[in-house]
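Undergrad: with the sequence up front, the predicted model follows.
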Amino acid sequence: MNSQEIMQLALDMVGFDGIPADSAIQVPGKDMKRVLFGIDIGVPELLLAKELKVDGVIAHHPIGLNISPIYDKHIDQMASFGIPREVGEKAVAPIKEGTNLSFLSGNFDHVVSVARVLGLPLMNIHNPLDEVGRRVMDEAIKARRQAVEGTGAGEGAGQGRTFTVGDVVDALQGIPEFSRVPTRPQIMVGKAENPAGKVAVAHAAGTNGRYAVANAYYEHGVSTVVYIHVDAPGLAKLRAENKGNLVVAGHIVADAVGINPFIDLLREKGMEVITISGCGL
């Protein structure tokens, strides 16, 4: 497979028409039969790849990209819960600006230039695989809600109880990757016995929405937000206001939930995939 075919496989998994801003083929490759795949790839990992004599390297996290446009996916996700787009735009604007400033100050060519000198094909696939993971987590939570509330078909339907924040955590812990890592989903704001109400899995949009995105959800009828990680200042403000529940799933394990099905697909296509840096957990 060449690098474009690998990227297309990921896009097809989630029905994307084009490569999103946080994903790219930095150094194209052909006839890639053996690859190194890691969540974070830097110069040391490229040197390891050269030592392992692989045909190319796949990263999850972006390399040398200005990913600020990808945060607009938060706006789309919020809109699906009935939140006005202008509210979403205001919430993500500071995040986009901060990312743009970081890109302007950073060395976008550092890792990519090393890959070029080493003659190693390099690519990163971020949002498509995060979207896979978001859907898996969202579906797990919905299935757990049906089981708890008795809203599914079959015997016992309609004989359930209130779906709680603790049930959200249980749903996440039922996903296989969560049982194989040292981190556990944590309730950062709220209590396990709180009714979960509407639940938004705010993932696959670049990074977490910090205070502003969670607050917008709370102010528009969503009681529980699931982030995969959160910053300390934003968490402190959310706790102080205590408007809703916040569950933090864990960054690397949530990434793995989306990456692992893609690795399985590559292997089904006959590719040898060596996993490092959180992949394959």
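TA: In hand now; what should we look at?
Undergrad: would you map out the domains in this structure?
TA: 3-125+255-276, 131-253 (automatic domain parsing).
Undergrad: all helices for the stretch 151-281 of the chain, in order.
TA: Remark: helices assigned in the stretch 151-281 of the chain by DSSP state H, counting those that start in this stretch are 165-173, 210-219, 232-241, 251-268.
Undergrad: pull the residues that contact stretch 210-217.
TA: 74, 78, 81, 83, 87-88, 90-92, 94-95, 200, 202, 209, 225, 227, 230-231, 233-234, 237-238, 241, 243-244, 246 (CB atoms under 8 Å, 6 or more residues apart in numbering). In this view, the C-beta of every residue, glycine as well, is placed from N, C-alpha and C.
Undergrad: just the C-alphas of stretch 106-118, formatted as PDB.
TA: The C-alpha coordinates for stretch 106-118 follow below in PDB (Å, rounded to 0.1, in the frame of the first residue of the first chain):
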ATOM      1  CA  GLY A 106       7.000  26.600  16.500                       C
ATOM      2  CA  ASN A 107       9.400  24.700  14.300                       C
ATOM      3  CA  PHE A 108       7.000  23.000  11.800                       C
ATOM      4  CA  ASP A 109       9.800  21.400   9.900                       C
ATOM      5  CA  HIS A 110      11.700  19.800  12.700                       C
ATOM      6  CA  VAL A 111      10.400  16.200  12.700                       C
ATOM      7  CA  VAL A 112       9.400  16.200   9.000                       C
ATOM      8  CA  SER A 113      12.900  17.300   7.900                       C
ATOM      9  CA  VAL A 114      14.500  14.300   9.800                       C
ATOM     10  CA  ALA A 115      12.100  11.900   8.100                       C
ATOM     11  CA  ARG A 116      13.100  13.300   4.800                       C
ATOM     12  CA  VAL A 117      16.800  13.000   5.500                       C
ATOM     13  CA  LEU A 118      16.400   9.500   6.700                       C
END
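Undergrad: just the buried residues of the contacts of stretch 210-217.
TA: Buried residues within the contacts of stretch 210-217, counting neighbours by 16 or more other CB atoms under 10 Å: 74, 78, 81, 83, 87-88, 91-92, 95, 200, 202, 209, 225, 227, 230, 234, 238, 244, 246.
Undergrad: lowest average confidence across the domains of the chain, which one?
TA: Mean pLDDT per stretch puts domain 131-253 lowest among the domains of the chain, at a mean of 95.
Undergrad: first-to-last residue distance for that one?
TA: 14 Å (CA to CA, to the nearest Å).
Undergrad: repeat for stretch 58-74
TA: 25 Å.
Undergrad: before we move on, the earlier item: of all the helices of the stretch 151-281 of the chain, which lies closest to residue 116?
TA: Taking CB to CB, helix 251-268 is the member of the helices of the stretch 151-281 of the chain nearest to residue 116, at 23.4 Å.
Undergrad: packing partners of that closest one?
TA: helix 3-14, strand 34-38, helix 127-149, strand 272-276 (3 or more CB pairs under 8 Å, 6 or more residues apart in numbering; DSSP states H and E).
Undergrad: please repeat the previous calculation with a cut-off of 10 Å.
TA: Contact analysis of helix 251-268 by 3 or more CB pairs under 10 Å, 6 or more residues apart in numbering; DSSP states H and E lists helix 3-14, strand 34-38, strand 56-59, helix 127-149, helix 165-173, strand 224-227, strand 272-276 as its packing neighbours.
Undergrad: want to try a markdown table for those, with distance to residue 68 as columns?
TA: Formatted as a markdown table, the helices and strands packed on helix 251-268 follow (distance: least, CB to CB, whole Å):
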| stretch | distance to residue 68 |
| --- | --- |
| helix 3-14 | 21 |
| strand 34-38 | 24 |
| strand 56-59 | 19 |
| helix 127-149 | 13 |
| helix 165-173 | 28 |
| strand 224-227 | 19 |
| strand 272-276 | 28 |
